[in-house]
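**Q** Here you go, sequence then predicted model.
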Amino acid sequence: MKNIVFITGNNGKFKEAGQLLEGLQRADIDLPEEQSLDPMLVIEKKVDAAKSSIEGPFIVEDTSLYLDGLNGFPGPLIKWMLQAVGTQGIYSLCNKLQSYGAIAKTVVGYYDPSEDTIQFFEGEIDGTIVRPSGNEGFGWDDIFKPNGIDETFAAMGDDFKPEFSMRTRAFEKLNQYLQDKE
């Protein structure tokens, strides 16, 4: 497998991806984030911004949270919703709406300059928004409970979470793509 760089400032995301992609390297580059409800456009803009910084193949990703009670909002804008109201605020909103269903989705964009195309890989998991619980993880891990599991991502911890993670599902698809290319 070629040396691939994962552009992320998030240790947890890198650790999860590194368990699936042997020899994965990391670059902590602060890429601008497109304000869009279309995760593919968000990935495309990240790739365009990263092309001038990375010479070989690289990966960018974006993780979204789609709330049933808000017709899928905030989706890729979850980062800003978290900054504005936090996980307790998101839970409170779902509680007021009496709608707790959610979909967590990760889109990974793989860019190889020799091919000059972006390959997209998606992973998603259905779940429920619950009262904040757990101390591990990041982002909204403390309010997202995957369907069929009795605890949130944050309560599972980093060793158990990848078994149910939307990010793992997306990176498994990327890994299969890379193996098929060899």
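**A** Done, it's in.

**Q** looking at the sheet around F121, what are its partners?
**A** Beta-bridge partners of F121, counted by DSSP bridges, are V108.

**Q** what about the helices in the protein?
**A** Secondary structure of the chain, counting by DSSP state H: helices at 11-18, 39-50, 78-97, 153-156, 166-181.

**Q** Quick one: list the elements packing against the second one.
**A** In other words, helix 39-50. Contacts defined by 3 or more CB pairs under 8 Å, 6 or more residues apart in numbering; DSSP states H and E place helix 39-50 against strand 58-67, strand 101-112, strand 117-129. Yep, even glycine has a C-beta here, placed from its N, CA and C like the rest.

**Q** The longest one versus strand 101-112: what angle between them?
**A** Yep, that's strand 117-129 we're talking about. 160 degrees (axes from the mean of the first three to the mean of the last three CA atoms, to 10 degrees).

**Q** Could you pull out the buried residues of strand 117-129?
**A** Neighbour-count burial for strand 117-129 flags I118, Q119, F121, G123, I125, G127, T128, I129 (criterion: 16 or more other CB atoms under 10 Å).

**Q** one step back: would you list the helices and strands packed on helix 39-50 in CSV and tack on mean pLDDT?
**A** Formatted as CSV, the helices and strands packed on helix 39-50 follow (pLDDT from 0 to 100):
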stretch, mean pLDDT
strand 58-67, 96
strand 101-112, 97
strand 117-129, 97
